[in-house]
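Visitor: Compute the structure for the input listed below.
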Amino acid sequence: MFGWASRPQPAPTVISQLTILAPGLLGGSIARAAREKEVARRIVIWARRPEARPALAAQPWCDLAAESPELAVRSAALVVIAAPVDAILPLAAQVAAHLAPGAVVTDVGSVKAKISSEGPAAVGVSAHFVGSHPMAGSEQTGWEHGSAKLFERRTCFVTPQPATDHHALTLVSHFWRDLGGEVATVEPQLHDEIVAHISHLPQALASALCAFLAGKDSSWRDFAGSGLRDTTRIAGSDPKLWRTILQQNREPVLAALRQFQQELSGLEAALSNGDWKAVTDLLARGQAYRRGLRI
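Guide: Numbering: from 1, shown residues only. Coordinates of the predicted model:
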């Protein structure tokens, strides 16, 4: 199953209360965008760090910074769990008994098979869970770096299960659309295969390249131009966050790495053999793919 939300788009679906749990860059951006685009009447946020709550409460896009996740989800029509992927299901289970009947819970995790399959049981029978993943972000972390424009023209995956409630699926799809995203409905396992290639593999390669160069003369980096900076920008991302993502999506990422190693071996062989046609063909294929990216 793979589909894009249809256009033209109707007026925003106004949510009575939006609750965001454990906001980082994505959670902070969701709150900003929801307020700017008038997607929610009331925005409640819970942050893990107690010292962050007064700062959040002072923001114009936060109506309440709750002292606990249980308090934060009360009366929420939609709950967005913006925690790291390994904390999403435990947090969903923690608040389950405090969710209003019919409440919808979604997440922003970049690995979906486990979360989408176990999410419904985690939130209980009176609420609904729909997995989602906006393809937005940067190497920066923290809600302080959020932007109301982060989701504009960015793909937002929604990954329902066969038994997912239709109303809940519609609400989550419209929510991401109303924040500016372009919604793609995808089976969870297919999502994980896709992002292993277009997101997790690039992160692994950028980090591996920087780790390799770290073993060379440290002064060399001072001579680098925009090519190295552009290629390795995402290597500045949080290592702990990405370790968890790679753990959660281990098999699809391994498959992508092995396939890429074959491509790299082909380039090595072509260079070794002086096969300049093969080198040119690879460079041309790469150029064509890059030109086709939606930037």
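Visitor: make it CA atoms for all contacts and neighbour counts henceforth
Guide: OK.
Visitor: mind checking how far the nearest residue to residue 47 once chain neighbours are set aside is from residue 83?
Guide: Nearest residue to residue 47 in three dimensions, chain neighbours excluded: residue 22, at 4.7 Å (CA to CA, 6 or more residues apart in numbering). Residue 22 sits 5 Å away from residue 83, going by CA to CA, to the nearest Å.
Visitor: Could you do residue 52 as well?
Guide: 15 Å.
Visitor: Look at these two and report which has more neighbours.
Guide: A count of neighbours by other CA atoms under 10 Å puts residue 83 above the other of residue 52 and residue 83, at 22 against 13.
Visitor: residues contacting the more buried one?
Guide: Residue 83 makes contact with 21, 22, 23, 24, 107, 108, 109, according to CA atoms under 8 Å, 6 or more residues apart in numbering.
Visitor: Reformat those residues as JSON lines; add distance to residue 206.
Guide: Below are these laid out as JSON lines (distance: CA to CA, whole Å):
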{"residue": "21", "distance to residue 206": "30"}
{"residue": "22", "distance to residue 206": "27"}
{"residue": "23", "distance to residue 206": "26"}
{"residue": "24", "distance to residue 206": "22"}
{"residue": "107", "distance to residue 206": "26"}
{"residue": "108", "distance to residue 206": "23"}
{"residue": "109", "distance to residue 206": "21"}
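Visitor: When you compare pLDDT across the residues you listed, which one is lowest?
Guide: Within the contacts of residue 83, pLDDT reaches its minimum at residue 24, with 91.
Visitor: wait, what's in contact with it?
Guide: 82, 83, 141, 142, 143, 144, 146.
Visitor: distance of it from residue 149?
Guide: Between residue 24 and residue 149 the computed distance is 15 Å (CA to CA).
Visitor: can you check residue 58 too?
Guide: 21 Å.
Visitor: Please apply the same query to residue 227.
Guide: Applying CA to CA to residue 227 and residue 149 gives a distance of 26 Å.
Visitor: out of the two, which sits in the busier spot?
Guide: residue 149 (16 against 8).
Visitor: quick one: contacts for that one?
Guide: Contacts for residue 149 (CA under 8 Å, 6+ apart) come out as 29, 33, 180.
Visitor: so it sits in a helix?
Guide: No: Residue 149 is assigned coil when assessed by DSSP: H, G, I helix; E, B strand; the rest coil, not a helix.
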